[in-house]
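K.L.:
this is a predicted model, with the sequence first.
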Amino acid sequence: MADDFDVEVVTRDDRSARLLVRGLTPAVANGLRRTMLSEVPTFSIDTVRFVENSSVMFDEMVGLRLGLVPLTTPLDDYEVGESATLALDVEGPATAYSGDIETSDDLVQPADENVPIIELKEGQRLEFEADAVLDTGKEHAKHQGGVAVGYRHLQRVTVVGDADEFDEEEPNILRGVIETEDGELVHTEEFDADLTNRHPGKELEIEDVPSAFVFHIESDGSLSVDELTLRAVQSLRDRADELAEKVAV
Amino acid sequence: MELRVIDKTDEELRIEIAGEDHTFMNVLKGQLLNTDGVAAATYDMNPEQSGGQTEPILSVKTEDGLDPLDALGEAATGISDNLADLYDRIEAAFDDAAAEA
């Protein structure tokens, strides 16, 4: 494994980040991606006890929708398999939103308040009590904390000279993050993903930077991007430690 | 993670690592191939088209008198050390980004 990691946050906002990691092998990069998706646990509604459901949807359909509502997950306070109780009581005419859900633990609550559960007409009512369970994406995709986790190679763009004067200018589309000649990191969205916007009339050379990966990590709000990433690294490391320990015996 | 040795000689090891999938096995294989004294390393997620066998099997072949179990231990420790370093770097990078914002 190439040593000497170098990590840089290229862009980040509330729920997503682009993270450049140098010195990774493809195996570890993919291991991390897979871990973020399937091994970092999050809360999700798993069992629903309906008190009244006079809405137009069957209990099962409402249950499915409830499972997909992201819930904030305090990983320090809960173990995989433990649960928290939630409840909802909405009477029509109104739309039941995820924000109407009451929780037994303030740390476990809907990550978004505006996820519609169902629209209720006059005289319809939805009341239930539900158990949210902490589990991993491996068990069920509703427990995935990362929504769009992937990576690309970092690409280095070098200007090698002027393009031939009579060449037809064709778009030169590139996705992801590029590294310029002076080492600056630029996301291709900044120039509309077309290199001819950034370097008009130039001849360019584009190459993948070896062992440099740009991760795009997006969270569904159940965990922060930092925590999702770090927990994934830790989860992978725990398994290596467990193996080392078992082999030593 | 349950380990079960299937075949073991001085230079060869076949071991079942129950409960793991490509996520960890591929990282482990990659690390083994970069370990000195390891001649070959591979894993099979679905050996013999799953004649009841559904857990991954790791095969390691060593040279220069290295015990394959030692190689496995060394690789596991190597991964752990690397990831500990990576953890600190990522944490620092996120802290830097938060400080700048």
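P.N.:
Yep, it's here.
K.L.:
helices of the chain, residue ranges please.
P.N.:
Here I'm looking at chain A. Assigned by DSSP state H, the helices in chain A fall at A:26-38, A:59-67, A:195-198, A:225-248.
K.L.:
chain B, not that one
P.N.:
Ranges of helices within chain B are B:22-33, B:68-100, based on DSSP H.
K.L.:
run the chain-centre distance for the lengthiest strand in chain A.
P.N.:
Counting by DSSP state E, the longest strand found in chain A is strand A:202-218. Offset of strand A:202-218 from its chain centre (CA atoms, centre = their mean, to the nearest Å): 21 Å.
K.L.:
partner strands of that strand and their direction?
P.N.:
Here strand A:202-218 is paired, per DSSP bridges, with strand A:16-22 (antiparallel), strand A:150-162 (antiparallel).
K.L.:
what's the most buried one of those?
P.N.:
Burial of those is given as mean neighbour count (mean count of other CB atoms under 10 Å in any protein chain shown); strand A:16-22 ranks first at a mean of 21. For glycine as for every other residue, the C-beta is placed from the backbone atoms N, C-alpha and C.
K.L.:
please state the offset of that one from the chain centre?
P.N.:
12 Å.
K.L.:
so what touches the lowest-mean-pLDDT helix or strand in chain A?
P.N.:
Every helix and strand in chain A was compared by mean pLDDT, DSSP states H and E; the lowest is helix A:195-198, with a mean of 86. Identification of contacts with helix A:195-198 by CB atoms under 8 Å, 6 or more residues apart in numbering or on different chains yields A:157, A:169, A:170, A:171, A:172, A:173, A:174, A:186, A:188, A:191, A:204, A:206.
K.L.:
try 6 Å
P.N.:
With CB atoms under 6 Å, 6 or more residues apart in numbering or on different chains as the test, helix A:195-198 has contacts from A:171, A:172, A:174, A:191, A:204.
K.L.:
need the strands paired with strand A:202-218 in a markdown table (columns: mean pLDDT and distance to residue A:129).
P.N.:
Shown next, in a markdown table, are the strands paired with strand A:202-218 (pLDDT from 0 to 100; distance: least, CB to CB, whole Å):
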| stretch | mean pLDDT | distance to residue A:129 |
| --- | --- | --- |
| strand A:16-22 | 92 | 33 |
| strand A:150-162 | 90 | 38 |
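K.L.:
looking at those, spot the one closest to residue B:95.
P.N.:
Evaluated over those, closeness to residue B:95 peaks at strand A:16-22, with 12.9 Å, by CB to CB.
K.L.:
also compute the angle for that closest one relative to helix A:225-248, please.
P.N.:
With axes from the mean of the first three to the mean of the last three CA atoms, to 10 degrees as the basis, strand A:16-22 and helix A:225-248 are set at 50 degrees to each other.
K.L.:
need the nearest residue in space to the residue nearest the centre of chain B, chain neighbours excluded.
P.N.:
Computing the C-alpha centroid of chain B and ranking residues by CA atoms, centre = their mean puts residue B:28 first, at 1.9 Å. Closest residue in space to residue B:28, ignoring its immediate chain neighbours: residue B:75 at 6.2 Å, by CB to CB, 6 or more residues apart in numbering or on different chains.
K.L.:
and if you look at residue B:93?
P.N.:
That would be residue A:7: by CB to CB, 6+ apart, it lies 4.0 Å from residue B:93.
K.L.:
please report how far that neighbour lies from residue B:87.
P.N.:
10 Å (CB to CB, to the nearest Å).
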